[in-house]
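# Okay, structure incoming, though there's no sequence with it:
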Ligand SMILES: Nc1ncnc2c1ncn2[C@@H]1O[C@H](COP(=O)(O)OP(=O)(O)OP(=O)(O)O)[C@@H](O)[C@H]1O
Ligand SMILES: O=P(O)(O)OC[C@H]1O[C@H](OP(=O)(O)OP(=O)(O)O)[C@H](O)[C@@H]1O
Ligand SMILES: [Mg+2]
């Protein structure tokens with residue numbers, strides 16, 4: 001019997017409330033998976049009731065729209081920066097104050113919370129919108145159908161949730177999850193010991209990958225130390241550059257990525273459907289995010305080009321693969337007085353160019369007679385309609 005089952009039996013009053021934090025595969029006593037948590041759920045002999053958020057379920061009473069933002073960790077600053085770049089600066093009078101506002105969005109309260117609490121409070125109806133990593137939505141949302149991704153690529157907080165094992169010892173020649181599952185070492189008596197903070201996704205993944213004899217332990221950080229300390233055989237943790245794994249003599253293996261993650265904008269479906277004004281606010285935030293993020297990858301390029309007509313110049317530009325722009329080039333005549341007559345003998349062209357293709361585009365422009373090339377960053381690209389907005393409406397059945 002695992003430690004968690006023991007403590008819940010000693011504390012029946014809190015067992016029901018606490019079980020909602022448990023990964024569903026672990027709720028079944030027949031499973032060979034078990035999790036060791038270092039928690040005590042009873043204080044002296046009196047039972048403690050733990051609920052996940054709003055006790056009185058009064059959330060529908062409030063009129064304000066609530067947006068949850070990470071209060072700490074590496075997501076906190078990047079999230080505030082994204083909002084600032086979208087002209088939605090958060091006004092927080094004091095860094096220890098957990099409520100703030102965004103002057104451009106009336107009736108919106110910003111609540112600073114730990115990422116996992118943002119997800120829990122969305123599910124409980126205490127928040128309407130939130131920005132967190134997809135890893136946290138997946139781990140603490142546990143597939144809850146009320147959670148809906150409004151924007152799934154906010155372009156920061158990139159990392160992956162990965163299974164890692166030591167490079168040395170019995171794992172030296174193990175290079176895939178399949179090989180790990182086939183190792184004869186793992187038995188009911190001596191299961192594979194996995195350390196992870198992801199006690200929902202971790203067990204689910206290993207079970208789906210045919211690892212039958214597994215025991216999980218959890219900790220709040222520095223999990224990469226667990227194998228060398230002899231506490232675990234493997235870990236399931238976030239990886240970004242891979243430096244922490246490398247420095248701790250651990251390796252990722254084929255088939256071992258549980259999830260690719262980055263920051264996302266997530267909402268409560270129920271709130272979107274029922275809370276007055278939330279759909280409009282969500283539309284505005286989504287439009288601003290999309291316009292900003294689309295512009296991030298592009299430069300505006302302005303150049304001069306000699307030619308006999310706008311059509312002839314356009315044809316030359318469109319003959320080059322990197323110069324088509326977002327919707328074709330803008331070609332404008334530049335008028336000069338030549339021999340007493342106003343005449344257009346060259347043209348100003350404007351195109352948007354993906355940042356990665358900038359130098360190639362400049363070379364192609366020069367090759368067709370472009371000169372005086374000016375390059376400037378773009379702030380926003382607003383499309384006629386954002387595809388994500390249509391997707392959201394369809395997810396809501398609207
Ligand atoms: N190494 C990383 N590189 C990029 N993004 C990461 C990395 N580690 C985590 N993240 C992303 O950032 C989110 C917040 O992680 P971070 O470690 O900053 O905060 P935290 O885990 O809440 O804080 P703490 O580690 O102090 O408890 C994660 O949920 C994940 O989406
Ligand atoms: O692949 P890398 O770029 O090395 O990053 C991976 C590390 O980053 C995170 O830890 P964090 O810095 O948040 O510390 P923590 O373990 O205390 O949360 C994560 O839990 C890994 O340990
Ligand atoms: Mg961390």
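The structure has been received and is ready for your questions. Given the structure is predicted, the values throughout are model-derived calculations rather than measurements. Numbers count the residues shown, from 1 in each chain. Ligands and ions are numbered 1, 2, ... in the order given.
# So, low pLDDT: which residues of the chain?
For the chain, residues meeting the criterion pLDDT under 70 lie at 1-60, 326.
# Get me the contact residues on it for ligand 2.
Selection of the chain residues close to ligand 2 by Cβ under 6 Å from any ligand atom yields 221, 222, 224, 237, 238, 239, 240, 241, 242, 243, 244. Every C-beta, even on glycine, is put in place using the N, C-alpha and C of the backbone.
# Can you turn the buried part of the residues you listed into a ChimeraX selection?
Command for ChimeraX that selects the buried part of the residues of the chain next to ligand 2, burial taken from 16 or more other Cβ atoms under 10 Å:
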select :224,237,238,239,244
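# Please render the residues of the chain next to ligand 2 as JSON lines that adds distance to ligand 1 and secondary structure to the earlier fields.
Formatted as JSON lines, these follow (distance: Cβ to the nearest ligand atom, whole Å; DSSP: H, G, I helix; E, B strand; the rest coil):
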{"residue": "221", "distance to ligand 1": "5", "secondary structure": "coil"}
{"residue": "222", "distance to ligand 1": "9", "secondary structure": "coil"}
{"residue": "224", "distance to ligand 1": "11", "secondary structure": "helix"}
{"residue": "237", "distance to ligand 1": "9", "secondary structure": "strand"}
{"residue": "238", "distance to ligand 1": "4", "secondary structure": "strand"}
{"residue": "239", "distance to ligand 1": "7", "secondary structure": "strand"}
{"residue": "240", "distance to ligand 1": "3", "secondary structure": "coil"}
{"residue": "241", "distance to ligand 1": "7", "secondary structure": "coil"}
{"residue": "242", "distance to ligand 1": "9", "secondary structure": "coil"}
{"residue": "243", "distance to ligand 1": "9", "secondary structure": "helix"}
{"residue": "244", "distance to ligand 1": "7", "secondary structure": "helix"}
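# Closest to residue 288 out of the residues of the chain next to ligand 2?
Nearest to residue 288 among the residues of the chain next to ligand 2: residue 240, at 26.6 Å, using Cβ to Cβ.
# give me every residue that touches that closest one.
158, 159, 160 (Cβ atoms under 8 Å, 6 or more residues apart in numbering).
# so which of those residues also contact ligand 1?
158, 159.
# Let me know the closest of the contacts of residue 240 to ligand 1.
residue 159 (3.8 Å; Cβ to the nearest ligand atom).
# Across the sheet, point out what pairs with the closest one.
Residues in a beta bridge with residue 159, per DSSP bridges, are residue 261.
# my guess is it contacts residue 75, does it?
No - with contact defined as Cβ atoms under 8 Å, residue 159 and residue 75 do not form a contacting pair (10.6 Å).
# got the residues of the stretch 1-150 of the chain near ligand 1?
73, 74, 75, 115, 133, 135, 136.
# 8 Å instead, please
Within the stretch 1-150 of the chain, the positions near ligand 1 by Cβ under 8 Å from any ligand atom are 70, 72-76, 114-116, 132-136.
# Among these, which lie within helices?
Using DSSP state H, the subset of those located in helices is 74, 75, 76, 115, 116, 134, 135, 136.
# Mind picking the two most distant members of those residues?
So, those by Cβ to Cβ: farthest apart are 76 and 134, at 16.7 Å.
# out of the residues of the stretch 1-150 of the chain next to ligand 1, who has the most neighbours?
Among those, the one with the most neighbours (other Cβ atoms under 10 Å) is residue 132, at 30 neighbours.
# between the ones in helices among the residues of the stretch 1-150 of the chain next to ligand 1, which is closest to ligand 1?
residue 74 (3.4 Å).
# doesn't residue 158 make contact with the closest one?
No - counting by Cβ under 8 Å, residue 74 stays clear of residue 158, with 10.9 Å between them.
# max-length strand in the protein?
strand 341-354 (DSSP state E).
# for that strand, packing partners?
strand 298-306, helix 310-318, strand 330-338 (3 or more Cβ pairs under 8 Å, 6 or more residues apart in numbering; DSSP states H and E).
# what's the most buried one of these?
Of the helices and strands packed on strand 341-354, the one with the most neighbours on average (mean count of other Cβ atoms under 10 Å) is strand 298-306, at a mean of 18.
# got the contact list for it?
For strand 298-306, contacts defined as Cβ under 8 Å, 6+ apart pick out 313, 316-317, 326, 334, 345-355, 358, 361-362, 365, 368-378, 381.
# Among those residues, name the buried ones.
313, 316-317, 346-349, 351-353, 361-362, 365, 368, 370, 378, 381.
# Confirm that residue 195 sits in a strand.
Yes - per DSSP: H, G, I helix; E, B strand; the rest coil, residue 195 lies within a strand segment.
# Pull the number of nearby residues for the nearest residue to residue 104 once chain neighbours are set aside.
In space, and not counting its chain neighbours, residue 104 is closest to residue 88: 5.5 Å by Cβ to Cβ, 6 or more residues apart in numbering. Residue 88: 21 surrounding residues under other Cβ under 10 Å.
# correct me, but residue 88 touches residue 100?
No - under the criterion of Cβ under 8 Å, residue 88 makes no contact with residue 100, lying 11.7 Å away.
# Endpoints of stretch 198-211, how far apart?
Terminal residues of stretch 198-211 lie 17 Å apart, using Cα to Cα, to the nearest Å.
# what's the closest of the ones in helices among the residues of the stretch 1-150 of the chain next to ligand 1 to ligand 2?
The closest of those, once distances to ligand 2 are taken by Cβ to the nearest ligand atom, is residue 74, at 6.6 Å.
# ok, now which ones touch the residue of the chain found nearest ligand 2?
Closest contact between the chain and ligand 2, by Cβ to the nearest ligand atom, is at residue 221 (2.9 Å). For residue 221, the contact set (Cβ under 8 Å, 6+ apart) comprises residue 197.
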